[in-house]
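Asks: No sequence on hand, only this structure:
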């Protein structure tokens, strides 16, 4: 129908912008006719930007973010070569899910500090948004910023008890552990495992919380549950994190043969892993 006609027309006008008025007219018309057809809308935004109608191109992205943040992100990414990073920022809708999607895009492209800054601002503008808190909690814990992690979980914060937020309960358990709040740790570990007890990332973080309050065996039990899940059913990076924790745990218990097996499993996944390579060298030398 009309959408396919405009899609074909867009492909033609985007190759040659000699008649910019015609090109920009058809691009705007295509976006109007096919507001939820992402490839057409993305192409429309590109043509409008190349014709100098930048604000209209950015408006298409903003509107798309509101019903599909991933699609809005792809439109802005397609405009990057034309407008640059500072130019496309204005195309992010004023919405927490839009800011989250754009922050993830920034992080994927290597702009980690900028992604973090966007989400810090989002946390101020839209307090209590679970996805925003989780984004910040993951990165605060990974960087060892315990103060920032604890600041994300004020006493009056209510977390939604839904499976998609299970990891957030795990990070709040870690925050409680840092404050030596054992009751809070146990409460949130129980909730996280009830919501998503088969999620290896949830098992990892809940294990970390147990470990922080001195319950190393409880922690290792959860990490083992994660490792025993079928490999390939979750990212290698998560599996490596679980194996590193288990290897260190076994070494702390002087069970070096078991630890060596875990370190070798890590090298099977990531041969250049520096800690695993060093520990395998040290432990095999020790056993000679």
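Replies: Sure thing, it's come through. Predicted model, so just to flag it, every value in this text is computed and none were measured. Residues are numbered from 1 along each chain as shown.
Asks: Give me the most central residue, the protein.
Replies: residue 104 (5.9 Å; C-alpha atoms, centre = their mean).
Asks: Surely that residue touches residue 118?
Replies: No. Checked against C-beta atoms under 8 Å, the pair residue 104 and residue 118 is beyond contact range at 9.8 Å. Just so you know, the C-beta spots here come from the backbone N, C-alpha and C atoms, and that holds for glycine as well.
Asks: Who are the contact partners of residue 241?
Replies: Counting by C-beta atoms under 8 Å, 6 or more residues apart in numbering, residue 241 touches residue 204.
Asks: Now for the spatially closest residue to the residue nearest to the centre of the chain that is not a sequence neighbour, how many residues are close by?
Replies: Excluding the flanking residues, the one nearest residue 104 by C-beta to C-beta, 6 or more residues apart in numbering is residue 115, at 7.1 Å. Other residues near residue 115 come to 22 when the count uses other C-beta atoms under 10 Å.
Asks: now swap in residue 63 and tell me
Replies: So residue 63, with other C-beta under 10 Å, has 16 neighbours.
Asks: separation between it and residue 45?
Replies: 10 Å (C-beta to C-beta, to the nearest Å).
Asks: Please identify the buried residues of stretch 216-228?
Replies: Going by neighbour count (16 or more other C-beta atoms under 10 Å), the buried part of stretch 216-228 is 218, 219, 220, 222, 223, 225, 226, 227.
Asks: oh sorry, the question was meant for stretch 264-275
Replies: Quick answer for stretch 264-275 (16+ other C-beta under 10 Å): 264, 265, 266, 267, 273.
Asks: And stretch 227-240, by the same measure?
Replies: Residues 227, 229, 234, 238, 239, 240 are the ones in stretch 227-240 that count as buried (16+ other C-beta under 10 Å).
Asks: and of the buried residues of stretch 264-275, the nearest to residue 72?
Replies: residue 273 (36.4 Å; C-beta to C-beta).
Asks: Show the backbone phi and psi for the closest one.
Replies: Per-residue torsions, residue 273: phi -60, psi 120 (degrees, to the nearest 10).
Asks: re the thing from before, show me what contacts the residue nearest to the centre of the chain?
Replies: Residue 104 sits next to 73, 115, 135 when contact means C-beta under 8 Å, 6+ apart.
Asks: gap between it and residue 216?
Replies: Using C-beta to C-beta, one gets 34 Å for the distance from residue 104 to residue 216.
Asks: Quick check: next helix or strand after the helix or strand encompassing residue 261?
Replies: Using DSSP states H and E, residue 261 sits within helix 256-269. Next in sequence after helix 256-269, counting helices and strands by DSSP H and E, comes helix 274-287.
Asks: ok and that following helix relative to helix 256-269, angle-wise?
Replies: Inter-element angle recorded for helix 274-287 and helix 256-269: 140 degrees (by axes from the mean of the first three to the mean of the last three C-alpha atoms, to 10 degrees).
Asks: Pull out the buried residues from helix 274-287.
Replies: Using 16+ other C-beta under 10 Å as the test for burial, helix 274-287 gives 276, 279, 280, 283.
Asks: One more: stretch 120-136?
Replies: Within stretch 120-136, the residues that count as buried by 16+ other C-beta under 10 Å are 122, 123, 129, 130, 131, 132, 133, 134, 135, 136.
Asks: After the helix or strand in which residue 225 is found, heading C-terminal, what element do we hit next?
Replies: Assigned by DSSP H and E, residue 225 belongs to helix 216-228. Counting by DSSP H and E, the next helix or strand C-terminal to helix 216-228 is helix 236-252.
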